[in-house]
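Trainee: Requesting a structural model of the entry that follows:
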Amino acid sequence: KSGDLCKLTPHTIAKISEYCKKWIDLDGEQSTIAANIAELIKRWSFHSETELVRDEIDTEIANLRYHKECYVRFCDKTKIERAEKRIIKKKAMTVDASTKGEPSTPFANRPAPVHVRISPRTLISGSEGITRRNRHVLPEQCIICKRQETYKVDKARLQRDYPQLVFHRPIVRNRSELVFVEELSVGEVAETCGTADTEGADSEESDSDEEMISETPIDKKEVTLKEYYDVAMALQNAIKGARAMDSSWPPSSVDLSTTQVLKMVPIVLFNFIAWILGFSDYPEMSSHLKLEDSHMTKVLSICQDMLYIASNGRKQTPKSLALGMAVRQLTRSSQLTQILNGFGHCASHSAILTYETDLAKLAIKSDCCIPKDTEKHKFTCLVYDNDDFTEDSRNQTHILGGILIQREDLSGNGPVVVTQQLKKGGRTLQAPSESIIPYSLGKKQTPNFLGTSLSSTFYEINVSFHQDLAKRLDFAYFLMKMRQNHVGTVLPGWTGFNILLRQSAIPPLSRIRYLPIIDGSPSDYSTLYTALLKSINIADTLSLEHIVLVFDEAIYAKIQQIRWKDEIFMKRFVVRLGEFHATMSFLSAIGNMFRDAGLQDILIESDVVGQGQIKGVMTGKHYNRSMHCHKVMSEALHRLRFQAFLDSVSDEESANIYSVVSDLLNNFPSEDFEEKLTAEPFSEILDKYEDFVVQESECNPTFSLWSTYLEMIGILLQFVRATREGNWELHLSTMRSMLTWYFGCDRVNYCRYGTAYWLEMTRLQETHPTLLRDLRDQWTVQRQQNHGFSSVACDMTIEQTLNRDSKTKGGMVGITLNRGAMQRWIIAQSDRSAITGECMKMAGTDPTK
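Mentor: So this is what the prediction gives:
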């Protein structure tokens, strides 16, 4: 339709053929195009056996082209869905007409379009009898629209060459323009329309009413002022009768969702705005129109502004509250809030402060404030982490923030309804009394692990068993990356490689909700003791006998000292060590061991990382960058080491190895891929390669040094794989392997408490058998379901949600002298962050997608 003609490729031919099968059963112009293309493809396959005809077909295919815009329009899923809806609508109209006694022609009974068979010597342009030697001089045309130029170019050429033509655009958007001669009188036009109507009524094979109307001119009917006024009054009554928000005051983030908005916005108002903006042409008054997500966001935004403005700000909407709170959270700018309020987009600054104050009062009033959609009797995980607010360059306020995690499935017994509510109060919050319960640890107590028989521990014996498949997958990945250029296949990186292998059995999404903050330093035992007491209250409210707590190592060490001295805490809690922080510590151990051995220089000189970022890579603080650098480095070293192995074997064995690797590439990522990893040919290669590494390491210190690096990276990747796949046994197995290197690299804290963590987790079958089954399936967080291999560690989740939301530019600057204002900002932090997240979802800018 427009743009340059592009040459067809096997991929585009296959895509066009695929959508031909979808369009051919529908109606409209695309259906006719699909029928012609299908006939063309059928002729190619029918005559491909004859050598002479096949030569002609090859020449014909070589001359085929397509417009990019035509290709996009023809292969558009949305247009296919609209065509299917049109057929359903026509069938419904046929049924209505038949019930009223009106004659109609059912769409299903219409004669199928006649497919004209194109002879082998017919080109895509439709010319007949063109000799083979003259085909190369024919103009290249689009296989879909059969044009060299766009319609606009044709229209301009016709207007230039035939000025007597008149182009009329119908009122209905989905109908084509009409072309007629300007000398044609009104009577002749009316006579033509009457003739066309008569012929359409008499003919048994006439088109539908919609197609007949599209072929006749439509006169624009002017809408009178009274009709405009009546519509406006009807919409005004709908706006006045709109319901208020169905929630108690102050509303939480759950109450400010798109579902709540749809309950508030009248159907007639929503559909009317959608029609005005051209987002839909479908007449509907019984329910909200189905729109695209981006269009839905804009229509709901306009409707909420109209509801808010019409009530002079008395009827708050989810947008007016959420947007105002998001502006305060992200900027804490009262001027920006007032500007948006002046435009009618959000509540006033005073209303937002009142809202925030009431949220803080509710958090203080509630001993156990649980989000409204939290379900009882369901496995629950509580994650706590340190969060800090920087008042100035010297002082910081440390608090303990937390999130609650549950899986979204149908096994719950309904949400917990929080009945506590407040009356709207003022903007001022009196500084609350200290809620931290004093606690003194006294003499430290170590749990009794002497009863654990290490020789008979299941995970101690089966470390190699649980890691075997993970090792084979990583080894196959490196071999296939080496061989991909020879086979002509391009593989993605390590993460993408595993995503392709995990396209099914994706866990349900996790529901993440913020808990009220605890205004105390996490390094204080009293703060942690208070957190444990609040966790017991949450478990009691949710009717749970046991509950899982997750901390990073700094808090884990202190929380375990408190837990080991209390039998109730030992019984009710299973305390886990965060995998994200354990991975960062292991990255730091690798960096400290190999930095001066040449690792730092290699990464800088090869431009894998810059000079300014190398410190963060070596210490593991820059997690993503550090993981990327070690993946690249390990792949390069694996290639060098395996090439040395190939040099040590015979040519026949090398050819056999290449054959096995090529077979893996050809079967990736099929269901048989993992079976081939456990087959004898691949196992034999792996065993010989491991023997070669052991022998070379004994006589070559440099070879042994970098083989140690590859071994540590292998353990690291297996630990990350366990989290991404939610494999509990692999997690414990690799944690046991990491402990050896924690000791070797002098990571004292993880040596102590990592060992305690591993021993406690291996004894869950004895201490918490009822919890172990749920823990095996739900110890990670699932934030999306687009693909597998996407689970996230719990301590990484709180870093990406609560902690990230609390780091704003406005912060506490300017309110540190007012104790009440500072307490309001801190106590309402979790609710304010959750509301900001809901506002981003309503605006279609959710960062988690």
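
Trainee: show me where the stretch 601-750 of the chain has helices.
Mentor: Counting by DSSP state H, counting those that start in this stretch, residue ranges of the helices within the stretch 601-750 of the chain are 614-619, 623-647, 651-667, 673-677, 680-699, 701-725, 728-744, 748-762.

Trainee: From the rest of the structure, what touches the second one?
Mentor: The reference is to helix 623-647. By C-beta atoms under 8 Å, 6 or more residues apart in numbering, the surrounding residues in contact with helix 623-647 are 478-479, 481-482, 493-494, 580, 583-584, 587, 590-591, 599, 602-603, 608-609, 613, 616-618, 620, 654, 657, 688-689, 692-693, 696, 703, 706-707, 709-710, 713-714, 716-717, 720. Bear in mind the C-beta positions are built from the backbone N, C-alpha and C, glycine included.

Trainee: Kindly write the ChimeraX command that selects the buried subset of those residues.
Mentor: The following ChimeraX line selects those of these that are buried, judged by 16 or more other C-beta atoms under 10 Å:
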select :478,479,481,482,494,580,583,584,587,590,591,599,602,603,608,609,613,617,618,620,657,689,692,693,696,703,706,707,709,710,713,714,716,717,720
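
Trainee: still on that earlier bit, make CSV from the helices of the stretch 601-750 of the chain and add mean pLDDT and distance to Ala843 to it.
Mentor: As requested, these are exported to CSV (pLDDT from 0 to 100; distance: least, C-beta to C-beta, whole Å):
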stretch, mean pLDDT, distance to Ala843
helix 614-619, 94, 32
helix 623-647, 96, 26
helix 651-667, 92, 44
helix 673-677, 89, 42
helix 680-699, 95, 50
helix 701-725, 96, 30
helix 728-744, 94, 37
helix 748-762, 94, 41
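
Trainee: lowest-confidence helix or strand of this protein?
Mentor: helix 209-214 (a mean of 41; mean pLDDT, DSSP states H and E).

Trainee: next structured bit after it?
Mentor: Using DSSP states H and E, the next helix or strand after helix 209-214 towards the C-terminus is helix 225-240.

Trainee: Export only the CA atoms of that next one, formatted as PDB.
Mentor: C-alpha atoms of helix 225-240 as PDB (Å, rounded to 0.1, in the frame of the first residue of the first chain):
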ATOM      1  CA  LEU A 225     -29.100  22.000  19.000                       C
ATOM      2  CA  LYS A 226     -32.000  20.300  20.900                       C
ATOM      3  CA  GLU A 227     -30.500  16.800  20.200                       C
ATOM      4  CA  TYR A 228     -27.100  18.000  21.400                       C
ATOM      5  CA  TYR A 229     -28.700  19.400  24.600                       C
ATOM      6  CA  ASP A 230     -30.700  16.300  25.200                       C
ATOM      7  CA  VAL A 231     -27.600  14.100  25.000                       C
ATOM      8  CA  ALA A 232     -25.700  16.500  27.400                       C
ATOM      9  CA  MET A 233     -28.500  16.400  29.900                       C
ATOM     10  CA  ALA A 234     -28.700  12.600  29.800                       C
ATOM     11  CA  LEU A 235     -24.900  12.400  30.400                       C
ATOM     12  CA  GLN A 236     -25.200  15.000  33.200                       C
ATOM     13  CA  ASN A 237     -27.900  12.800  34.900                       C
ATOM     14  CA  ALA A 238     -25.600   9.800  34.500                       C
ATOM     15  CA  ILE A 239     -22.700  11.600  36.100                       C
ATOM     16  CA  LYS A 240     -24.800  12.800  39.000                       C
END
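
Trainee: That helix packs against which elements?
Mentor: helix 267-276, helix 293-310 (3 or more C-beta pairs under 8 Å, 6 or more residues apart in numbering; DSSP states H and E).
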